[in-house]
Each structure stands twice: as structure tokens, then as C-alpha cells.
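Participant: Coordinates for the following, if possible.
(2 chains)
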Protein chains: 2
Amino acid sequence: MIYFDSAATTWPKPAVVWQAMESCIRNAGANPGRSGHQMALMAGRLVDEARELLATLFNITNPDRIVFTVNATEALNLAIKGLLKPGDHVVTSSMEHNSVTRPLYVLQGKGIEVSKVSCARDGTIKIEDIEKAIRPNTKAIVITHASNVTGTLMPIAEIGQLARKKGLRFVVDAAQTAGVFNINVPFMKIDLLAFPGHKGLYGPTGTGGLYIAEGLELTPLKEGGTGSMSDVPGQPDIMPERYESGTLNAVGIAGLAAGLKFIRSEGAEKIRQHEMELTQRFLKGAEKIKGLSIYGPEQIYARAPVVSFSLAGKATGKVGTVLDKQYNIACRAGLHCAPDAHRTLGTFDQKLVRFSFSYFNKTEEVDYALRSLNEISAVPPEKFNKSEKNGSCGC
Amino acid sequence: MIYFDSAATTWPKPAVVWQAMESCIRNAGANPGRSGHQMALMAGRLVDEARELLATLFNITNPDRIVFTVNATEALNLAIKGLLKPGDHVVTSSMEHNSVTRPLYVLQGKGIEVSKVSCARDGTIKIEDIEKAIRPNTKAIVITHASNVTGTLMPIAEIGQLARKKGLRFVVDAAQTAGVFNINVPFMKIDLLAFPGHKGLYGPTGTGGLYIAEGLELTPLKEGGTGSMSDVPGQPDIMPERYESGTLNAVGIAGLAAGLKFIRSEGAEKIRQHEMELTQRFLKGAEKIKGLSIYGPEQIYARAPVVSFSLAGKATGKVGTVLDKQYNIACRAGLHCAPDAHRTLGTFDQKLVRFSFSYFNKTEEVDYALRSLNEISAVPPEKFNKSEKNGSCGC
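Facilitator: Numbering: from 1, shown residues only, chains lettered A, B, ... in the order given. Model (predicted):
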């Protein structure tokens, strides 16, 4: 099978990831931060190590400002709902994932105002449009680092400067970039950085996190046992426990630490270079396929390794199904949980097929996919859309 | 090492658990419920299987009424905060874990009234006391199935009957019992059942869940991508997606399914029998140890396999440290994230040492622990408390 669905979760994972998980379960399988015995301390050290590796990656001074969550969505919910209060206004973009738009939609019903800055049809945003959207009661700018549909990279360093200049909190969704893209928290003036552990960081599902700037106080999403200050009736205000109630996914976090070490040992530059080469190769080859339209920026440097496309006259869900069933290519066809992005691209009704690449993909796989798409493009639309294999969009 | 800390998380896990996790990562490591390709469907089937196994275990008709969470604490937060609205009154007990008391404490600041029914010094509760606490605006009864300090089992079938009779919602914290204790959702009239995956169900950390009764609508804790109905601006109202935003911990859930199958193949009765024999053996042996006081019910049938105790004149944290460092026994000394329970027992200042047993413990381990405690009890308190190895309570 050819796996082109790494924007959903990377696969395969490096062998060191599950080896670290097995080692954690077998040798350090206690509850970190709960008891004081040696195995609980070992589990705690594994969690600390992951926190330190993440801090180094994002240039965060204090690792304890990073809290673990089950995924980036939880991190974004904590950031957005924990930060915004009734009467606040927030600026976001028209390219966001539902992990941003849905919490904001709920908050709109609670007296929080939301402005969505319209992006261009390639997903790019203009800083001046963000600036224009700022009001006296604007509290924060919430934006994705890269679109999960088009891969369009947002100029977060510049947006961060603007946020700082205007005294706003800057919330970044790094779902598609945490791993080998440059994310420098102090330089980019990021106050809240949400990231998944199971995508570009090559950790297992069940991992993610949120960086919370020094001095920034959020309303916790959850309260409960924190393993410390048990006598305090409310949630303790110490970090990271304040936002980490209940047993942590220590096994998953051990795997995440191994993913982070894998990136470090391979070299982030080398990984990104390979992913970009695959993306470039696909973009270049796709130009020659009849009826194939690519969405997103033309320049490779303006992209994460995510490419969405349509084939003229061919039903998107059907293309996804045929790629899977007939060509053994795993990809994602549909709205990709980002209806606003599709509205921006003008593909809300049509939907798109998405290929997303990882370090483990090979150039031959890209070439095979291009040949496959070429074959599909040659089938007359009426015959293709009518054939027995019905495809439904995995929205 | 002797591991007596299974109330925090069970260890070891059955080998089938990590084998299932490795198999999931290697062979079905896609994102369940997101894309339509074969590997995503395989991942989805693993998640479905776990849901079905849980439904069977708890006698739940519709598996889709079970939602996965990262731990029982998240499940309790979703249950409690999702259910209660300002003006509501809730009845709970004085034996609850902070995973119940802290969310309720936060809600008290938002116009929700909380009555804590005082339990006896062995942790037991009287149904009539619960009934007396019910008011016209009472919405729910929230109670633990078994105390995480004393193991005291609460009469949840009777409390469920009372809740049903009074038209109240019944929320059960099964953190210490989900696995081999009888939890029959319809019979016990449970509306919301919160459980961890990594304790008595022998799954990995990072797993837990909440059963939500048919027709019961909760405010979600989190919104985001659900992999379906992406075009709906708010959170879709279909189950289980409504409460499962973002990527699920598929790898952990695959391990949880293996844990559930392990219980089924060994036999829940056999597991419980063994755990109770260990508990009984410890209780009986402990009677003979000078200065050792056991807390909780005397009758073995009234307990989960959790025993807390103190040694007269000996600092609790120190006892925990000596057991760990000198005798290689991993246990937990402190407040166990349950300050109310310790207030009830009269041990808030003194704290307690907790032993909690699992299927993998051996009678010889219990005997060794008894001999160790006998040795410790023989050391004069002033010498013991002053010795170099300082112990701090893992609260």
C-alpha cells in the first residue's frame, strides 16, 4: 500500500517509536507523577524527557509551560476556550480546520465575536487584512501554521509581530507543521502553540500538546487529580499539572519522545527536504495530467507537504475510492474537516482529493501515483462516475 | 520489584496488550474515522471492536453511546460539566476522588449547588442519607463505585434505584471497579458511567471512556473535526463523534481491546477471586502487625482490592519511601488525590500508605510485604522518622 494520508496521521512510524512504547509499558508502566516509588519516577522521567525535547524543538525556555493533551484539537479547545471571555473579539482566517472553527462557533453563542479574514484562492492571507480586522476589543489572533487542505504556509512570524505590536495573544495551530518546520516560539511571538504528537512529530496517536506562554492563565478544560497539592479544593495553579488532570498517556508520550529523537537523529532539514522533493515531484508531474487541478500555492517553499486536487468531471469521492481499491493508494477525499477552507478555494460542493507525504514515502510512489492519476484521467467522466465502485467522501 | 500500585494504573499489562498496540501501529496505523481508505477502515474497526467489548462488559445495548476519553478524569469532567447547569443541585459523597470534587468545586462558583453526603469512617454510605440530601432542584447523584483510598464499595444498584425513583441522573465513577466488578448499566440505572482503560481493564495509559444514556444530551467538552458532517458549523449531534473531536488514541484503544479480551479469556470471576484472596491475605496478616491500622470495611466482599493503612508513630511518607527503597515494594503514600476521603477517615493530616493489588500479584508478594511491614513496625518511631531516608508523600 502507498500511504499518502500523513496529514491525518503519519504512517509508518519509526520502529523506535513502538519500541519505546513497549519498553515503557514493560519497564516503566507506572503512573507518572502519582506515587513516589521508583517505577512511577521512571515514568515521570519519560514524560519530562518528552517535554524537554519539545521545548528544545520549539525554543521554549521552560518545558513546564508545555502541557500534554490527547491531540491538537484538545490543545486548541484549551487555548481558545481557556483564553476568550464574553465581550472578547478574535481574528482568525478562512482557512481554518474545524478544530478552530467549531470551538469558535460555540463561543459565538456565548458573547465572543469572531472575524474570519478571507484568504485568497490559494489559501494565502494578507497581513494588512488581519490588521484591518483588529478592533478595540480584539483579544487574540488564532491561525493555522499550514492549511490541512492546501498546505499553504501562513506567515506566522509576521502575524506574531503584528499581534505583539497590537498587544494581542497569538494562538497557532501547528497541526501540519510541528516536526520539521521552523517553529520558534519567542521569535514568532507565539503565546499558545497547539500541536499533535502523531503527525510530523512521528509519535503515536493519543498524543499532542499546548505551549502556554509564561504568565498566561487559561481556564482549564478539566479538573481532577494532579498527583500534587491534593489538599487544595480547586485546581492547583502549578505547571504543568494545572492543565493535566488524571493519568497522562505516559506510554504514548514515551513514543512521542522517541519520535522527537528520531527527527533529531535524522535531521529535520533532511526530512523536510525529502518531503518537499516528493511534493515538488508530484506538483510537477500533475501539471501534465489532463483535467487535474491543483489547489494551493505554486511555490514549493510556500507549502507544507500536502496537496489537494480535483479531476475534471470526476466525482471526488469516487477518485478516492478508485485510488484506494484499484491502485492501493491511501489518501483522503472530502472536506478534510475544513469546510471554510473549501469555501475559500471554491471547492465546497466539489470537494477535493488530498495527498499528504511523509519522510517514509518514496519518489517511486509519487511516480506510481502520477501514472495512476493519468490512467484515471483518461477514463471518460460519465463512465468513471457511473461504474460500480461507488465512492463516498470521507468528510 | 513488587508492584502494589494498581489503583493508580495496573502493572504489568498482559503481553497481548502491547502486542495489539504494536500490531495496530504497524498494520493499521491510520486515522480511524477520517479517510475512507482500507487502513483507515482497519483502524476504525479496532476502535469499534473496543467499543463493542465495553458495551458487552457493561451490558450496554448500543456501543455508540460509549465515547473514548484520555482517562476517567476526562470522562467525569464531560459527565459533570456537560450535565449540570446553573441552578442545579447535585448529591455526592464525602469519599470522592478529586476527579469528582474538583469539577464540582468549579461548578459551585457557577451557581451549581453541591451536597456531600458524609460517609462513615469505613467509607460506607447510607442510602437514607443520600435520600435526605435530595432537594427539588437536584439533578443528579454522582458517586464513586469504590473508594480509591479504602476500596469501600458503594451500593450503586440501590443508589441507582433511588435516582430512578426520584427522576435524577445517576453518574458513576468506576475508576477502581471497571474490569472485573459487576457493572450492569441498565440494571443499576446508570446514566453516565466513567471508566479508565488503564486500570482494571488492563489497557494502556491514555485510554478511558464515558457511557452516555440514550437520549441524554451533554454539552461537549471539546469541539473539532469529527471526520463526518464536516460541513456542519457546530458540533454534529451524532454518536459517538459528538464527544470525540480530533484524532482518537487508536493505538491505545487497540491495546484496551486486547485488555478486555484478556479479561474475557481469563475469566472476570477468576481475576476478581485472586485479587480478593490477595486482599484478604493482606488484611488477615496485617492484623498481627503491631501498630498497623487498616482503614475501610472489614468484610472482604465490601471492598475493591485496595487497602490503606498507617503504622503508629511512623511518618506515612517515610513508610512509603522505606517500602520502596529498602524493600522494593512500589505503593502510594499520601492523600491519593482524595482529600475528602481522608477527612472522612480522619487521616487528612496523617495520610495513609496504600497497597492495591492486581491479578498479576502473587501471594508470596503479600507475605513478603507483611514481613517487611513487621520489620518496619519493630523500629522505634523516633529512630525510624529521623533516619536519613527522608520520605515525602506523593500526594
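Participant: What parts of the stretch 151-300 of chain A come near chain B?
Facilitator: Taking Cβ under 8 Å from any Cβ of the partner chain as the contact definition, the stretch 151-300 of chain A meets chain B at A:196, A:198, A:204-208, A:221-231, A:233-235, A:245-252. In short, each C-beta sits where N, CA and C put it, glycine included.
Participant: For PyMOL, what selects the buried ones among those?
Facilitator: Only the buried entries of those go into this PyMOL selection, using 16 or more other Cβ atoms under 10 Å in any protein chain shown:
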select buried, chain A and resi 196+198+204+205+206+207+208+221+222+223+224+225+226+227+228+229+230+231+235+245+246+247+248+249+250+251+252
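Participant: mind listing the helices for the stretch 101-250 of chain A?
Facilitator: With helices called from DSSP state H, counting those that start in this stretch, the stretch 101-250 of chain A shows them at A:127-133, A:156-166, A:250-266.
Participant: tell me the angle of the last one relative to helix B:250-266?
Facilitator: This points to helix A:250-266. For helix A:250-266 against helix B:250-266, the angle by axes from the mean of the first three to the mean of the last three Cα atoms, to 10 degrees is 140 degrees.
Participant: buried set for helix A:250-266?
Facilitator: A:250-263.
Participant: Give me the average confidence score over that helix.
Facilitator: Regarding helix A:250-266, the rounded mean pLDDT is 98.
Participant: starting at the chain centroid, how far to that helix?
Facilitator: Centre-to-centre, helix A:250-266 and its host chain are 17 Å apart (Cα atoms, centre = their mean, to the nearest Å).
Participant: again with the shortest one
Facilitator: Distance of helix A:127-133 from the chain centroid (Cα atoms, centre = their mean) equals 24 Å.
Participant: need the longest helix for chain A.
Facilitator: Counting residues, the longest helix found in chain A (DSSP state H) is helix A:38-58.
Participant: what packs against that helix?
Facilitator: helix A:15-27, strand A:66-69, strand A:208-212, helix A:250-266, strand B:329-330 (3 or more Cβ pairs under 8 Å, 6 or more residues apart in numbering or on different chains; DSSP states H and E).
Participant: Please name every helix or strand in contact with the shortest one.
Facilitator: Applying 3+ Cβ pairs under 8 Å, 6+ apart, we find strand B:329-330 packed against helix A:38-58, strand B:2-3, helix B:363-378.
Participant: Can you say which of those is packed in most?
Facilitator: Ranked by mean neighbour count under mean count of other Cβ atoms under 10 Å in any protein chain shown, the helices and strands packed on strand B:329-330 are led by strand B:2-3, which reaches a mean of 22.
Participant: Okay, now the sheet partners of that strand, with direction.
Facilitator: strand B:329-330 (parallel) (DSSP bridges).
Participant: How far off centre is the helix or strand following the strand it pairs with?
Facilitator: Using DSSP states H and E, the helix or strand that follows strand B:329-330 in sequence is strand B:332-334. Remark: strand B:332-334 is offset 17 Å from the chain centroid, using Cα atoms, centre = their mean.
Participant: what's the domain layout of chain A?
Facilitator: A:15-266, A:267-386 (automatic domain parsing).
Participant: how about the closest residue to A:E244 other than its chain neighbours, what does it touch?
Facilitator: In space, and not counting its chain neighbours, A:E244 is closest to A:V67: 5.4 Å by Cβ to Cβ, 6 or more residues apart in numbering or on different chains. Contacts for A:V67 (Cβ atoms under 8 Å, 6 or more residues apart in numbering or on different chains) come out as A:A75, A:L78, A:G209, A:L210, A:I212, A:M239, A:P240, A:R242, A:Y243, A:E244.
Participant: Can you check the pLDDT for A:V67?
Facilitator: Listed pLDDT for A:V67 reads 98.
Participant: Could you check how far A:F309 is from A:I80?
Facilitator: Plainly put, A:F309 is 31 Å away from A:I80 if you go by Cβ to Cβ, to the nearest Å.
Participant: returning to what we had before: which stretch among the helices of the stretch 101-250 of chain A comes nearest A:R26?
Facilitator: The closest of the helices of the stretch 101-250 of chain A to A:R26 is helix A:250-266. By Cβ to Cβ, the value is 10.2 Å.
Participant: Extract the C-alpha trace of that closest one and format it as PDB.
Facilitator: Provided in PDB are the C-alpha atoms of helix A:250-266 (Å, rounded to 0.1, in the frame of the first residue of the first chain):
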ATOM      1  CA  ALA A 250       2.700   8.000  29.600                       C
ATOM      2  CA  VAL A 251       3.100   5.200  27.100                       C
ATOM      3  CA  GLY A 252       2.100   7.400  24.200                       C
ATOM      4  CA  ILE A 253       4.300  10.200  25.400                       C
ATOM      5  CA  ALA A 254       7.300   7.800  25.600                       C
ATOM      6  CA  GLY A 255       6.600   7.000  22.000                       C
ATOM      7  CA  LEU A 256       6.400  10.700  21.200                       C
ATOM      8  CA  ALA A 257       9.800  11.300  22.800                       C
ATOM      9  CA  ALA A 258      11.200   8.500  20.500                       C
ATOM     10  CA  GLY A 259       9.600  10.300  17.500                       C
ATOM     11  CA  LEU A 260      11.300  13.600  18.600                       C
ATOM     12  CA  LYS A 261      14.600  11.800  18.900                       C
ATOM     13  CA  PHE A 262      14.200  10.200  15.500                       C
ATOM     14  CA  ILE A 263      13.700  13.600  14.000                       C
ATOM     15  CA  ARG A 264      16.800  14.900  15.700                       C
ATOM     16  CA  SER A 265      18.900  12.000  14.700                       C
ATOM     17  CA  GLU A 266      17.800  12.000  11.000                       C
END
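Participant: Name the next helix or strand following it along the chain.
Facilitator: helix A:268-286.
Participant: any idea how far that next one is from the chain center?
Facilitator: Mean C-alpha position of helix A:268-286 versus that of the full chain (Cα atoms, centre = their mean) differs by 19 Å.
Participant: and of the helices and strands packed on strand B:329-330, who's closest to A:V149?
Facilitator: In this view, these are compared for proximity to A:V149 by Cβ to Cβ, and helix A:38-58 is the closest at 24.3 Å.
Participant: what inclination does that closest one have with respect to helix A:250-266?
Facilitator: Comparing the axes of helix A:38-58 and helix A:250-266 via the same axes, to 10 degrees yields an angle of 40 degrees.
Participant: Now do helix A:38-58 and strand A:208-212, the angle between them.
Facilitator: Orientation note: helix A:38-58 sits at an angle of 70 degrees relative to strand A:208-212 (the same axes, to 10 degrees).
Participant: how far is helix A:38-58 from where the chain is centred?
Facilitator: The chain centroid and the centroid of helix A:38-58 are separated by 22 Å, computed with Cα atoms, centre = their mean.
Participant: With respect to B:M21, which of the helices and strands packed on helix A:38-58 lies nearest?
Facilitator: B:M21 sits nearest to helix A:15-27 of all those, at 6.5 Å, using Cβ to Cβ.
Participant: what's the neighbour count on the nearest residue in space to A:T10 that is not next to it in sequence?
Facilitator: Once flanking residues are discounted, A:T10 sits nearest to A:S358: 4.8 Å by Cβ to Cβ, 6+ apart. Neighbour count of A:S358, defined by other Cβ atoms under 10 Å in any protein chain shown: 25.
Participant: List the contacts of A:S358.
Facilitator: With contacts defined as Cβ under 8 Å, 6+ apart, the neighbours of A:S358 are A:Y3, A:S6, A:T10, A:W11, A:G200, A:E275, A:P305.
Participant: Which one of the residues you listed is nearest to chain B?
Facilitator: A:W11 (4.3 Å; Cβ to the nearest Cβ).
Participant: Wait, the closest one touches B:A30, no?
Facilitator: Yes - with contact defined as Cβ atoms under 8 Å, A:W11 reaches B:A30; the gap is 5.9 Å.
Participant: Same list (the contacts of A:V67) but as CSV, adding neighbour count and pLDDT.
Facilitator: Shown next, in CSV, are those (neighbours: other Cβ atoms under 10 Å in any protein chain shown; pLDDT from 0 to 100):
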residue, neighbour count, pLDDT
A:A75, 33, 98
A:L78, 26, 98
A:G209, 32, 98
A:L210, 25, 98
A:I212, 26, 98
A:M239, 16, 97
A:P240, 21, 97
A:R242, 18, 97
A:Y243, 24, 98
A:E244, 23, 97
